[in-house]
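Chemist: Here you go, sequence then predicted model.
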Amino acid sequence: MNFSNKLIDWYNLNKRDLPWRLTKDPYRIWVSEIILQQTRIEQGERYYHKFLKKYPNISYLANTSNDELLKIWEGLGYYSRALNMHKTALIVQEKFDGKFPSKYSDLIELPGIGDYTASAVSSICSDEVQPVVDGNVLRFLSRLYKIDLPIDTAKTKTYFKNLGFKLIKGVKPGDFNQAMMDYGSMVCKPRKSGCHDCMFSTECEAFNTDSVMQYPFKKKKIKIKDRYLNYVVVISDDKKTRIKKRDNEGIWKNLYEFPLIETKKESTCNDIIKKLDIDFLELKDVKKIKHKLSHQLLHISFFIFRVGDVFDDFISIQSLNKYPFPKPLNKFISELV
């Protein structure tokens with residue numbers, strides 16, 4: 001039995017019971033694939049149901065506002081995914097008459113859709129022969145064939161894509177892709193790899209040379225950047241505060257936050273008061289947290305001030321829940337509301 005048939009037999013016996021596997025609707029498959037990027041299955045499934053309840057079809061998504069969409073997305077991170085979904089919805093309404101495309105050539109032209117997503121949707125919904133290349137696939141194949149290429153280069157992605165084309169022949173492309181991803185996440189795991197339960201162990205070159213944990217590897221080492229974010233949280237006697245919308249580029253674009261002072265190092269209360277150059281604020285408390293992102297470590301300080309007067313742009317603290325905030329700010333807000 002060849003590799004593909006052996007893998008499909010395993011998949012039919014072991015595939016996970018997931019809601020997006022009960023449909024061939026390209027809109028729903030697309031939603032699941034975008035949500036599952038950088039997201040665990042358990043968390044992704046909750047957001048998938050939540051998202052489709054709010055936006056059951058592309059028309060609902062096209063007619064929403066960015067604020068509403070980001071509020072639904074709140075907590076998932078990588079918020080540009082949601083904004084690109086909205087852009088895509090508008091294009092689909094106009095260019096495809098509201099019918100979500102299922103062909104690779106159409107999908108790859110849409111915002112936020114790269115080779116992986118276009119391959120997944122087209123193979124599942126249209127049976128197009130388009131192998132997916134994600135982290136699970138890279139890990140599984142790099143160990144199986146002991147491929148000595150760093151996985152963080154475009155050249156390597158092309159190599160694995162071409163290898164996928166050779167392996168995918170003779171089976172349903174959608175099932176093959178899902179089987180590859182399941183096998184990588186369930187058996188050929190990043191750390192505690194299930195080598196002794198792996199049906200490919202006798203032919204796995206990395207296993208047979210005792211080098212499984214050396215694969216895959218990256219060319220570049222990620223350098224973590226420290227950032228110091230100081231939020232000025234002004235609270236009036238009648239429980240109102242001030243927030244603003246981020247309009248700059250970055251991972252939190254279009255989300256809301258308290259007035260921000262970013263510094264090159266950790267700041268004291270006196271440092272912040274000097275920068276504000278305001279003498280009518282009364283410092284009540286300071287809260288500090290750390291939040292780790294893929295390339296950044298955020299040192300976040302909340303300087304909480306009391307103010308007697310209320311300005312025109314102040315809003316009720318109780319209404320903060322209506323606005324989309326970055327995840328670390330949400331934790332702080334939950335203690336305020």
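Modeler: Looks like it arrived, so ask away.

Chemist: What residues sit buried inside stretch 76-94?
Modeler: Of all the residues in stretch 76-94, those buried under the rule 16 or more other CB atoms under 10 Å are 76-77, 79-83, 85-86, 88-89, 91-93. Bear in mind the C-beta positions are built from the backbone N, C-alpha and C, glycine included.

Chemist: Stretch 311-327 now?
Modeler: So for stretch 311-327, counting by 16+ other CB under 10 Å, buried means 314, 317, 320, 323, 324, 325, 326.

Chemist: ok, now stretch 16-29?
Modeler: Within stretch 16-29, the residues that qualify as buried are 20, 26, 27, 28, 29, counting by 16+ other CB under 10 Å.

Chemist: Return the subset of the residues you listed lying in helices.
Modeler: 26, 27, 28, 29 (DSSP state H).

Chemist: So, low pLDDT: which residues of the stretch 1-150 of the chain?
Modeler: For the stretch 1-150 of the chain, applying pLDDT under 70 flags the ranges 1.

Chemist: ranges for the helices of it?
Modeler: Using DSSP state H, counting those that start in this stretch, the helices of the stretch 1-150 of the chain run over 3-14, 26-36, 41-54, 58-62, 66-73, 80-95, 104-107, 115-126, 135-144.

Chemist: Of all those, which one comes closest to residue 233?
Modeler: When the helices of the stretch 1-150 of the chain are compared by CB to CB, helix 66-73 sits nearest residue 233, at 20.4 Å.

Chemist: Give me the contacts around that closest one.
Modeler: Taking contacts as CB atoms under 8 Å, 6 or more residues apart in numbering, the residues outside helix 66-73 that touch it are 47, 50-51, 54-55, 61, 79, 81-83, 85-86, 254-255, 322-324.

Chemist: So what's the residue count around residue 105?
Modeler: Under the neighbour criterion other CB atoms under 10 Å, residue 105 is assigned a count of 10.

Chemist: Enumerate every residue touching residue 156.
Modeler: By CB under 8 Å, 6+ apart, the contact list for residue 156 reads 149, 150.

Chemist: repeat that for 6 Å
Modeler: With contacts taken as CB atoms under 6 Å, 6 or more residues apart in numbering, residue 156 has the following neighbours: residue 149.

Chemist: quick one: it is in a helix?
Modeler: Yes: Residue 156 forms part of a helix when assessed by DSSP: H, G, I helix; E, B strand; the rest coil.

Chemist: Give me the nearest residue to the residue positioned nearest the centre of the chain, chain neighbours excluded.
Modeler: Nearest to the centroid of the C-alpha atoms of the chain, with distances taken as CA atoms, centre = their mean, sits residue 38, at 3.9 Å. On the basis of CB to CB, 6 or more residues apart in numbering, the spatially nearest residue to residue 38 that is not a chain neighbour turns out to be residue 78, at 5.5 Å.

Chemist: Quick check: the one you found touching residue 36?
Modeler: No: between residue 78 and residue 36 there is no contact under CB atoms under 6 Å: 11.4 Å.

Chemist: Show me this structure divided up by domain.
Modeler: Using automatic domain parsing, the domains assigned to the chain come out as 3-214, 225-336.

Chemist: Pick the most deeply packed of those.
Modeler: Highest mean neighbour count of the domains of the chain: domain 3-214, a mean of 17 (counted as mean count of other CB atoms under 10 Å).

Chemist: what's the first-to-last distance across it?
Modeler: 23 Å (CA to CA, to the nearest Å).

Chemist: mind checking how far that domain is from the chain centre?
Modeler: For domain 3-214, the distance between its averaged C-alpha position and the chain's averaged C-alpha position is 12 Å (CA atoms, centre = their mean, to the nearest Å).

Chemist: ok, now stretch 231-250?
Modeler: Between the mean C-alpha point of stretch 231-250 and the mean C-alpha point of its chain there is a distance of 26 Å (CA atoms, centre = their mean).
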